[in-house]
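1. turn this into a structure:
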Amino acid sequence: MKKTLFVLLILSLLMSVSVSAESNNFESSYTTDNSILSGIEVSPGLFKLDQLPSEKQEEIKNRSEIVSNYLLQMSVKRTKLNKINENVSLKKDNNITFKEMIQIESLQSEINTIETQLEEMGINKIQPEKKSVTILSSSSSDIKKDFHQLYYDSQLGLHLFEGHLIWKNDNYSDDVSICPAPFHGCTLDIGGVDGFGLESLNRQISIIENTDRFYLLGSDLSTTYNLSTSGSSRDYSPYGLGWKFQDWYDYDVFGPEQYNAYKMMGWYYFTFPDGNPSPNTTLSFTLHYGKTWYNTSVNSFSFGPGTIGIGFSSNNNRWDQEFNVNYQF
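-> Down below sits the predicted model:
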């Protein structure tokens with residue numbers, strides 16, 4: 001009898017350990033010790049890759065490049081899909097054509113495939129809280145949050161924050177000066193540089209060098225502009241990153257006009273210097289855009305804790321918009 005009870009006790013313990021291990025599978029991999037930065041002192045702000053051995057530097061660079069390519073492809077496809085759905089919804093009878101139906105199914109399938117590939121790579125989504133998106137400033141209603149996602153990369157043991165903003169309309173053309181040569185076409189800068197930022201509101205972070213990416217999608221929904229290494233300047237801080245860039249409008253006599261910054265897309269890998277958040281912790285992140293025209297420019301970014309801001313060269317001819325999103329760990 002005692003032997004039977006002993007065997008049952010052992011089996012019970014084994015089952016308990018098995019269930020515990022299964023339920024904590026993500027949590028066990030979600031630790032600072034699992035990070036590629038394990039054993040390295042990390043400070044808030046920009047983390048320089050030269051603090052790591054060359055093989056780890058290459059691993060981060062290669063991994064970041066592969067993931068970035070997937071995110072960019074998915075973002076462009078998602079924008080096209082949303083545009084088709086929007087056009088269908090604007091029809092009086094919401095009647096969808098066969099061509100539109102094929103396009104929607106094809107784009108959605110391609111997006112699903114990329115998401116599956118990312119999951120298989122170990123890029124895990126951290127789900128946002130429901131109804132967590134709030135507009136912090138209402139200087140303009142012409143811009144909206146298009147997409148945001150916080151990930152945990154189980155291979156690198158790092159986080160990845162992605163955020164996109166997009167124009168609701170073509171009111172960006174209202175800020176454009178008159179083309180001096182309308183019969184020849186021209187490309188005109190719209191004011192000075194604009195600003196786009198992705199920030200953490202609650203906790204200091206350390207952004208991993210050479211992993212941040214910033215792209216613009218033109219109003220033709222096909223042309224992408226890579227401003228990750230040139231065409232923009234970056235302001236790093238212990239709470240996030242801001243890109244300054246020039247938007248422009250192209251008058252084309254023989255084709256459609258093009259606005260280069262119809263959609264802004266940015267992301268970066270980062271870590272929490274003071275350790276990963278405990279389970280059930282809620283943290284806030286922000287997508288921020290500063291728009292200028294005429295002679296106004298974005299001068300600077302100010303980051304956290306709890307507040308963010310964009311500094312302009314003038315109080316006129318500019319506005320900014322912020323979106324706050326919450327994630328529960």
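2. right, and Ser284 touches Asn202 too?
-> Yes. Look at Ser284 against Asn202 with CB atoms under 8 Å: they come within range, at 5.6 Å. (Glycine included, C-beta is placed from N, CA and C.)
3. run through the bridge partners of Arg234.
-> Under DSSP bridges, the beta-bridge partners of Arg234 are Trp243.
4. Tyr215 too?
-> Asn226, Met265.
5. if I pick it, what's in contact with it?
-> Leu72, Ser75, Thr224, Tyr225, Asn226, Leu227, Ser228, Met264, Met265, Gly266 (CB atoms under 8 Å, 6 or more residues apart in numbering).
6. measure it to Ser278 for me?
-> 34 Å (CB to CB, to the nearest Å).
7. wait, what's in contact with the closest residue to Asn202 other than its chain neighbours?
-> Excluding the flanking residues, the one nearest Asn202 by CB to CB, 6 or more residues apart in numbering is Leu283, at 4.8 Å. By CB under 8 Å, 6+ apart, Leu283 lies in contact with Ser200, Leu201, Asn202, Arg203, Pro277, Asn326, Tyr327, Phe329.
8. quick one, phi psi at Leu283?
-> Dihedral pair for Leu283: phi -120, psi 150, per degrees, to the nearest 10.
9. closest to Glu58 among the contacts of Tyr215?
-> Ser228 (18.0 Å; CB to CB).
10. list the contacts of the nearest residue to the closest one once chain neighbours are set aside.
-> Leaving aside its chain neighbours, Ser228 sits nearest to Arg213 (4.6 Å; criterion: CB to CB, 6+ apart). Applying CB under 8 Å, 6+ apart, we find Arg213 in contact with Ser64, Ser68, Leu71, Leu72, Asn226, Ser228, Met265, Gly266, Trp267, Tyr268.
11. show the backbone phi and psi for Arg213.
-> Main-chain dihedrals, Arg213, degrees, to the nearest 10: phi -130, psi 140.
12. stretch 292-307 spans what distance, first to last residue?
-> Distance across stretch 292-307, first residue to last, is 21 Å (CA to CA, to the nearest Å).
13. now that stretch: buried residues?
-> Using 16 or more other CB atoms under 10 Å as the test for burial, stretch 292-307 gives Thr292, Trp293, Thr296, Ser297, Val298, Phe301, Phe303, Gly304.
14. for stretch 198-211, same thing?
-> Counting neighbours by 16+ other CB under 10 Å, stretch 198-211 gives 198-211 as buried.
15. which one among the residues you listed gets closest to Met121?
-> For the buried residues of stretch 198-211, the residue nearest Met121 by CB to CB is Thr211; the value is 15.0 Å.
16. for Ile60, see how far away that closest one is.
-> 7 Å.
17. who touches both of these two?
-> With CB under 8 Å, 6+ apart, Thr211 and Ile60 have common neighbours Tyr269.
18. would you state the helices of the stretch 1-150 of the chain in chain order?
-> For the stretch 1-150 of the chain, the helices defined by DSSP state H, counting those that start in this stretch occupy 2-23, 25-29, 54-90, 98-121.
19. could you tell me the angle between the third one and helix 98-121?
-> Spelled out, it's helix 54-90. In terms of direction (axes from the mean of the first three to the mean of the last three CA atoms, to 10 degrees), helix 54-90 departs from helix 98-121 by 150 degrees.
20. give the buried residues for helix 54-90.
-> 57, 60, 63-64, 67-68, 71-72, 74-81, 84.
21. let me see the mean pLDDT of it.
-> Mean per-residue pLDDT for helix 54-90: 95.
22. where's Gly39 relative to Leu160, distance?
-> Computed as CB to CB, the Gly39 to Leu160 distance reads 22 Å.
23. contacts only, for Asn112.
-> Per CB under 8 Å, 6+ apart, neighbours of Asn112: none.
24. where's it relative to Leu72, distance?
-> 17 Å.
25. wait, Leu216 touches Thr224, no?
-> Yes. Using CB under 8 Å, Leu216 makes contact with Thr224 at a distance of 7.0 Å.
26. neighbour count: the two, which is higher?
-> Between Leu216 and Thr224, Leu216 has the larger neighbour count (other CB atoms under 10 Å), namely 23 against 17.
27. quick one: the nearest residue in space to that one that is not next to it in sequence from Trp267, how far?
-> Sequence neighbours aside, Tyr225 is the residue nearest to Leu216 in space, at 4.3 Å (criterion: CB to CB, 6+ apart). Separation of Tyr225 from Trp267 (CB to CB) stands at 16 Å.
28. the two: which is more packed in?
-> When Tyr225 and Trp267 are compared for neighbours, Trp267 comes out ahead with 26 against 15, by other CB under 10 Å.
29. could I get the contacting residues of Lys80?
-> Residues near Lys80 by CB under 8 Å, 6+ apart: Gln103, Leu107, Leu221.
30. the second one and Ile84 touch, don't they?
-> Yes. Using CB under 8 Å, Leu107 is in contact with Ile84, at 7.5 Å.
31. pull up the overlap in contacts between the two.
-> With CB under 8 Å, 6+ apart, Leu107 and Ile84 have no common neighbours.
32. save the buried residues of stretch 198-211 as a markdown table, and put in distance to Tyr172 and secondary structure too.
-> Formatted as a markdown table, those follow (distance: CB to CB, whole Å; DSSP: H, G, I helix; E, B strand; the rest coil):
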| residue | distance to Tyr172 | secondary structure |
| --- | --- | --- |
| Leu198 | 21 | strand |
| Glu199 | 24 | strand |
| Ser200 | 29 | strand |
| Leu201 | 28 | coil |
| Asn202 | 32 | coil |
| Arg203 | 34 | coil |
| Gln204 | 34 | coil |
| Ile205 | 31 | coil |
| Ser206 | 34 | strand |
| Ile207 | 29 | strand |
| Ile208 | 32 | strand |
| Glu209 | 32 | coil |
| Asn210 | 31 | coil |
| Thr211 | 29 | coil |
